[in-house]
Structures are given as structure tokens and as C-alpha cells.
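Colleague: sequence and predicted structure below; questions after.
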Amino acid sequence: MPWLGLPPFYASFLYLVLHWVVLATSWNLLCGYSGYFSFGHGAFFGAGVYTTATLAGTWDVPFLWTLPAAAAVAALLGVALGAVVFRVRRVRGELFALLTLAVTFVLATVIANTPIDGGPGVYLSAVPLPTLAPDPAGTFYLLALALATLTIALAYAIRRARLGLALFAIHDDEDAAEVMGVPTYRCKLAAFALSCGLAGAAGGVQALFVSYVTTGSVFNITVPLTVVLMSVLGGTRHWAGPALGALVITVLLYAFTAADQAIVGKAAVGAVLLAAILFVPDGLLGRLRPRKRPVAEVTADIVAVPHALPAGAPLLRVTGLRKSFRGVRALDGLDLVVHQGEILGIVGPNGSGKSTLINVVSGHYRADAGSIQFAGRELAHLPAHRIARGGIARTYQIPRPFAHLSVLDNVALTARFGEARLSREVAEAQGLRWLQFTGLAARAHVLPGELNLHQTKFLELARALASRPRLVLLDEVLSGLAPAEIDEAIALIRRIRDQGTTIILVEHLMRVMTTLPDRIVVIDQGRVLAQGSAREVMARGDVVTAYLGAAHA
Amino acid sequence: MTFPSATLLAQSALSGLFIGALYGLLGLGVSLSWGLLHVINLAHFGFAFLAAYLCYQLAGTGHVDPLLTLALIVPTFFALGVLVQWLLGRFRVTPLNSLLATFGLTAIIEAFIQWIWTADFRRLESSYAGEKIRVGALFVPVPELVTLVLALALSFMVYAVLRHTDWGKALRALAEDAPIASAFGVNAKASALLLSGVCAALAGVAGVCLAIGFTLTPAQMYAWVGVVFAAVMLGGLGSAIGPLVAGIVIGVSEALTAAVASPSWSPIVSFTLLILLLLLRPGKA
């Protein structure tokens, strides 16, 4: 480009565009994909700026060497912040946005008050610029071009990889993603580190471009808000969305500034953002869904359940399980054994702790006390995604599919993050197989919002089964279904057991509970009240009292 | 570094109290909007500054007492607030998108202000701009005192409305569960429009306080965003008294830090407090 003989202005302008492409796309890696909107991108950008300023300006390190250092410092800062913040379950959405904004101001104050800057800013005009191109403008353009290519390539790669799927799942329902086997903490941290590192590198280049840096010019609200604007305009779910947004906004702003209408330009950018949010909330590229692929032939066979124990051997042993929610003792010393290959029914009046039991065993909640032994391993304090990897899956009473992922992607997700860690193609093939098993193969590329309740419940089932769990926990999977649908579901559950998966079934419907499970457990007030076959258990006086109350004479 | 005298510390705390009151007044509208309407209204700052400039214009060239300009400003901004909420409601904008949409609106407002009044610094020379009351060894500037009084009065008024009137309860119900509240007869749309109008009117009042106490320039509106959001978060979303208390806490701690250490360190107090509170306070918003 610089060798075309055009005036340096064009190279500088392109540098500016590419600079914003890097910043917006790097922001989108974590924030757009996973929904953790950060307003702190300026902090990491600034960290990169000041790393280069300090290394090149004060310690005379050659400029090009400062760029990886700037990226590393910014990435480390991001990891340090993320390591703390991502552990706090509550800090999501707007709270995360505000926390990251606050970090920017704290960092700015620290830098302004310490010898890094100290107040008067750092001058970089004396730093020699490597001659990668005939003129300085061309050099900056090439550096920015390299960074932009790297960033966009990363955005595309992540989008296609397991990490991208994980981030999209986190965006839709982080807790469900964790329970489905996604290591949410690690994924967020990885995306955050990449995002911050790239911002830092961009900062490093910018430091020399402006050649005089002050905390005021670097750590203001412009960078964080502009990258959000660019990404939202272009579309946060698309890998090229932020780049498009950056291009449009930069050109727009420039067109007005050049025409001596900077004020109008500012208003125009504001109007564009406003219009975009109102009329195109998914962004310009947001409407671009992947082409509807024709439903592929189901070619895969059902993979066998790994490490099956001999039939009848104890698979899950729960001892003394306790879980309280601020005074409400949901589980109060629960003991239970589940045998390999059986269908265990769990019944009990409302509020007895059935759903809490499932939530604790699957890792959605952490037990207060007690032990959960699964095929010899202690599960009680493992994070949910490790429990999922260990071979336990669950469905939700009120279905929680990932709303922005297709039906097939929903099912393939658990296959990709399950014990076997399947590749994309194999996982999708397996996913299709399970969709066929549950009768949803024709709707593989549809969004979950377009399914009815019956189909959504079966989607949950397919999703739970795709990771080939040894134990599946079905939480009121039949509630809300019509009688014909219930019969279909019962047949399905029997076939699931025949394929080697042990089943725990929580239900209220008596006609199902007397025929389907091998054994029934009655839970009341967080403890096991009775066990045995359906007939024996239902005839017992204390069970009837628990359900219906004491008899009056 | 010599430790400052008691008088200096007291005066610093007092000035922190006043600036904190303004943080609280600005934060009141943001907190109500965020907590009860689920709209993160960045345009609040745009409105405040627009009101400030309007007050400057009317009181400066029109020679009207600044507080009398409220008679025009409050209804005008009420109408503006209703309009903005109508737009957001019509397009069913989500809370996070409302932040971005209102940011766009703020940019438009800033451009508008700059177009009419230019970026030059503007200072309203009102009759009581320089007046001070002396209380013992301390000086109490009258404009700041006016701000404090207004902030206190409005905060408590809003608190009383939310707590004790039917409309206030309806608003709180709507914030918790809008469909159910509607099913029980609360007019969600009208309430939202009304509340948005009130918040914008509050921004108008804050703008007048800005005009009488500060020098104005359009880009300054962004400088308040961080601190006011900190006050809103610390005070609790949807709370009436919370932003005022939090604002004062932030203002006083900033001022004391500036007096004891150095002014350039003062932002670190409020933002570190915000970070710690976000991480450690159990069961926050």
C-alpha cells in the first residue's frame, strides 16, 4: 500500500481504521461472544500504551520488542482481574460493565501518580521507528495491518472452535452451560486474556503514533464506549461484525471532521447508534445466520456408554446430604443408593427437596454437608462441569435451552464437552443421531424458540444424552405434556435405559410412577421417607400423610 | 508532607459534602431509571448539561434568578423524558441496549450544545454566585448550599412517594414483575412514561445546580458519568436515599484524600470502594 505512491495521508487514515478494527474485534472476543460487556477496554489499551511508553521512552528498548511486552502486560492484567471477578457469581451484566469501568479509573490514577507517568505525560518523539515502509505513516499502517489480520483471524478461529461454542452458551445461560460440561471460568479467562492482550498491542503501536501520552488522553471514556458502539453496530455475534462497525464509524466520523463539521459528525455518530439500537438490535451482520444446511443423513451409530458397571452394582451413593437456603432446609440428611441399569423414581410432596437433590448432585448447587459417591469418585465439591464430564447429565424442569444456538448446536455442545471431547464433525453427527432418537432430526437447524413445549423437553433430553452419561437425572420431564406425548416419552425413557444409561426420574404422575420405575423413593422434608416398589410405598400410612395430611376421624 | 489542620480537614469534608450532594442529585434520576424502569440512562447527563446551559442562557442574558428558571426547565425536561421513554418502550429496548441508545442520544445532545453555545467555558454570574455564609471557622458557599438543600428535599420527597403513595408502590411492583403487576391493574406504560418524565425533570434540577456552581463546557458531561454511576451502585438501584448517602460518602472521601494526600489521588477512593463493594457485598442487585 505505501508503495503505491499515494500521499502518506491515506496510510494514516487506514492506520486509524485498522486500529479501531483491532480494538473493536478484540473487545468482541470476550464481550460480544459471551455477553460479559466490559467498559474497561480502555484500561488494557492504556496498559499497553504505557508499557511501550515506559520501555521505549524511558528505558530505550527497541520499539518492536515493546509490542509483545505491551500485549503481555495487558493480558496479565486481564487475567488477574478476571481470576477474581469471574469467581463472583453475581458480577455479570451491568455489574461487570461498571466494575471494569472503575478499574480503568483506578489504573489511570495509579499511573498518573507514580513515576510511570507522574503527571506531565511521556514523550516518545525521540524513539526511533523501524523502517518497515518508505515513510513512517506506511510503517504504522503495516503494523496495524498485521495486528488487524491477527485479530480478525483469531476472532474467526474462536468462532469455529470449541471455545466459541462455549462463549455463546455462556452468553445464553451460563449456569446451564456449566452444568452441561463447559468449563465456564477457564473459557472466560482465556477469552479475556486474548482480548486484553490484543488491546495492549494496539495500545503499544498507538503510543508511538501519537508520540505523546497522558493519562487523560488515554484513560477516558472514549475507547470503551466507542468499541461497544462499533461492535453493536456491526453485530456482536459475527466475527467480522466489529470490524465492519469500526470501518463504518471511522469513515463516518472522518467524513464529517474533514468537511469541517466535527460537531455534526458527533451528532451523526450518536444518531447512527441510536438508530442501530432501535431498528437493528442484532447489528448489521446480526441478521446473517449461517446458511440453513440441509438436514444431513444420520450416519453415526449410538456410542456406547463408557465404563459401564455390572448391572445392579451401586452407581451413585448419597450419604447424609444437607443443603439449606438461608434457614430453609431443603435437604436434611438424605441417604440414597442408585444401582447401575435401574430406573429410580423419586416422588414427594412439593417442597420436599426433589429438585434440590438433582441440583446438588449435578453440581448446580454446592452441598453444605454430606457425600456423593459416583462410581467410586467423590463429587460433593467438584465444579459442575467436572461432574458433567464424569458422566452425569440432567434435564431442567423448566427447559433451559441455549436460545441463540440452533437445536443441533445445543445437542452437539454436550457431546463436544463430554468425557470423550469429540471434534466438531463427530459431535454434530452424534448430535443428529440423538435428535433422531428423540424425533427432532427434522428441526435440527431451527432455534429452540420455535419449538413447542413437548419438543423443547425432548431437546433437553437429547442434549442430556449426547454426552453419553452413565446417569441421567430427569427433573419432571413429563410435566405439561399431553397423554399421548407422555406415552411417547415413557417409551423413550425405557429405550434410554436399554442403551446402558441409569435413570433417576422425578415425577408427580402416579400412573407413570407405578409402571415405569423399578423402584420408588419417597422424599419428604429433605429426607427419605420410604423406599420400595410403587405399590408397597404408596400403601404406607406415613406416605399418604405426607402427601395428603392426617386423616380426621 | 505535613498533616493538614483540623480546619482544613473540616472545610474539605464540607466541600466533599456539597459535591457529594450533587453526585446524589444526579444519581437519583439514574438510580430510579435503572432500578425501576430498567433503563440505564446515560442521556441523564446530557439532559443535566442541557438544562445547565439553558439556565445559563436564561439567567445570564435574561437576568432571571437561576432558581426561577426551574419553572421552565422542569416541565420542558419532563416532556423530554416522556418522549425518550416512549421511544425506548416502542422499540422494546433491552436494559443493556438502553445504555447504548442513550449514549447515542447523549452524543447528539453534546453536539447540539456545542453547536449553539460552542465549546468555550461558560460561567453563570448569578447574584449569589460568590456569596458565602460563615459558620465558625468554616465557609459555606451559597450555591453549594442550595444544591444540598435541593438534593435532600428531592431525595426525601421521592422516598416518601415510593414508600407511602399508591403510585410509588405500583412502580416498585412493576420493577419486580411487570406482567403480574399489570395483571393486577397497574398501567405499566403510563407509569413508565410518568417516571421517565420525573427522572428527566430531576436531571433538569441537577442541571440548574450545575449552572450555579460550576463552569460549563460540553465535554465535561462525561467526567461525571463514572462517579455518579459509582454513587448509584453503592447506594442501590431504585433507591431514593441511597444515591445521596453514597454520593456524600464518595464526595467526602474524595475531598479528604485530596486534602491529606494529593488531589490527583482522589478518584482512586471512590472507584476502589465501588470495586470492593461489587465483589464483596452479598446479594447485591
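Modeller: Alright, I've got the coordinates. Residues are numbered from 1 along each chain as shown, chains lettered A, B, ... in the order given.
Colleague: residue contacts, B:Lys132?
Modeller: Residues in contact with B:Lys132, defined by C-beta atoms under 8 Å, 6 or more residues apart in numbering or on different chains, are B:139-142. For every residue, glycine as well, the C-beta is placed using N, CA and C.
Colleague: any idea how far chain A is from it?
Modeller: Distance of B:Lys132 to chain A, given as C-beta to the nearest C-beta, to the nearest Å: 31 Å.
Colleague: for that residue, grab phi and psi.
Modeller: phi -140, psi 150 (degrees, to the nearest 10).
Colleague: can you name the residues bridging to it?
Modeller: Applying DSSP bridges to B:Lys132 gives these bridge partners: B:Pro141.
Colleague: still on that earlier bit, list only buried entries from the contacts of B:Lys132.
Modeller: Applying a neighbour-count criterion of 16 or more other C-beta atoms under 10 Å in any protein chain shown, the buried members of the contacts of B:Lys132 are B:140-142.
Colleague: got the residues of the stretch 151-285 of chain B near chain A?
Modeller: Taking C-beta under 8 Å from any C-beta of the partner chain as the criterion, the neighbours of chain A within the stretch 151-285 of chain B are B:222, B:225-226, B:229-230, B:233, B:262, B:264-265, B:267-268, B:271-272, B:274-275, B:278-279, B:283-285.
Colleague: the residue of chain A found nearest chain B: which element?
Modeller: Taking C-beta to the nearest C-beta, chain B has its nearest neighbour within chain A at A:Gly270, 2.9 Å off. Assignment of secondary structure by DSSP states H and E places A:Gly270 within helix A:262-279.
Colleague: tell me which residues in the host helix or strand of B:Val269 are buried?
Modeller: Taking DSSP H and E as the criterion, the element that holds B:Val269 is helix B:266-280. Neighbour counts over helix B:266-280 (16+ other C-beta under 10 Å) mark B:266-275, B:277-279 as buried.
Colleague: want to throw those residues into CSV with pLDDT?
Modeller: CSV is the format used below for those (pLDDT from 0 to 100):
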residue, pLDDT
B:Ser266, 79
B:Pro267, 79
B:Ile268, 83
B:Val269, 78
B:Ser270, 77
B:Phe271, 83
B:Thr272, 85
B:Leu273, 79
B:Leu274, 79
B:Ile275, 84
B:Leu277, 78
B:Leu278, 78
B:Leu279, 82
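Colleague: other SSEs contacting the helix holding A:Gly270?
Modeller: With contacts defined as 3 or more C-beta pairs under 8 Å, 6 or more residues apart in numbering or on different chains; DSSP states H and E, the secondary structure elements packing on helix A:262-279 are helix A:222-234, helix A:241-258, helix B:95-117.
Colleague: now render the ones you listed as a markdown table, adding distance to B:Ala240.
Modeller: As requested, the helices and strands packed on helix A:262-279 are exported to a markdown table (distance: least, C-beta to C-beta, whole Å):
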| stretch | distance to B:Ala240 |
| --- | --- |
| helix A:222-234 | 28 |
| helix A:241-258 | 38 |
| helix B:95-117 | 20 |
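Colleague: just the helices in the stretch 1-150 of chain B please.
Modeller: With DSSP state H, counting those that start in this stretch, the ranges of helices along the stretch 1-150 of chain B come out as B:6-32, B:43-61, B:70-90, B:95-117, B:142-164.
Colleague: dump the shortest one to CSV, restricted to CA.
Modeller: Backbone C-alpha positions of helix B:43-61 (Å, rounded to 0.1, in the frame of the first residue of the first chain) are rendered in CSV as follows:
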residue,chain,number,x,y,z
ALA,B,43,-28.7,10.7,28.5
HIS,B,44,-29.4,11.8,32.1
PHE,B,45,-26.1,13.6,32.0
GLY,B,46,-26.9,15.1,28.6
PHE,B,47,-30.1,16.4,29.9
ALA,B,48,-28.5,17.8,33.0
PHE,B,49,-26.0,19.7,31.0
LEU,B,50,-28.6,20.9,28.5
ALA,B,51,-30.6,22.2,31.5
ALA,B,52,-27.5,23.8,32.8
TYR,B,53,-26.8,25.6,29.6
LEU,B,54,-30.5,26.7,29.3
CYS,B,55,-30.3,28.1,32.9
TYR,B,56,-27.1,29.9,32.0
GLN,B,57,-28.8,31.4,28.9
LEU,B,58,-32.0,32.4,30.7
ALA,B,59,-30.4,33.6,33.9
GLY,B,60,-27.4,35.2,32.2
THR,B,61,-28.9,37.1,29.3
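Colleague: list the buried residues in it.
Modeller: Going by neighbour count (16+ other C-beta under 10 Å), the buried part of helix B:43-61 is B:43-60.
Colleague: that helix: how far from the chain's middle?
Modeller: In terms of C-alpha atoms, centre = their mean, to the nearest Å, the gap separating the centre of helix B:43-61 from the centre of its chain is 13 Å.
Colleague: what helices and strands are in contact with that helix?
Modeller: Secondary elements touching helix B:43-61 (3+ C-beta pairs under 8 Å, 6+ apart): helix B:6-32, helix B:70-90, helix B:95-117, helix B:188-213, strand B:215-216, helix B:221-235.
Colleague: mean pLDDT for those: which is lowest?
Modeller: For these, the bottom mean pLDDT is recorded on helix B:221-235, which sits at a mean of 84.
Colleague: which elements pack onto that helix?
Modeller: With contacts defined as 3+ C-beta pairs under 8 Å, 6+ apart, the packing partners of helix B:221-235 are helix A:93-113, helix B:6-32, helix B:43-61, helix B:242-260, helix B:266-280.
Colleague: which of the buried ones among the contacts of B:Lys132 sits closest to chain A?
Modeller: Compare each of these with chain A using C-beta to the nearest C-beta and the shortest gap goes to B:Pro141, at 26.7 Å.
Colleague: and the closest one, how far from B:Ser15?
Modeller: Using C-beta to C-beta, to the nearest Å, one gets 8 Å for the distance from B:Pro141 to B:Ser15.
Colleague: same deal with A:Val522?
Modeller: Taking C-beta to C-beta as the criterion, A:Val522 is separated from B:Ser15 by 68 Å.
Colleague: from one end of stretch A:437-446 to the other, what's the distance?
Modeller: The separation between the terminal residues of stretch A:437-446, taken as C-alpha to C-alpha, to the nearest Å, is 17 Å.
Colleague: so A:Ser352 sits against A:Ile523, correct?
Modeller: Yes - A:Ser352 sits in contact with A:Ile523 when judged by C-beta atoms under 8 Å, with a separation of 4.7 Å.
Colleague: give me the number of residues near the nearest residue to A:Leu274 once chain neighbours are set aside?
Modeller: Leaving aside its chain neighbours, A:Leu274 sits nearest to B:Gly104 (3.6 Å; criterion: C-beta to C-beta, 6 or more residues apart in numbering or on different chains). B:Gly104 has 23 neighbouring residues, counting by other C-beta atoms under 10 Å in any protein chain shown.
Colleague: alright, that wraps it up for me.
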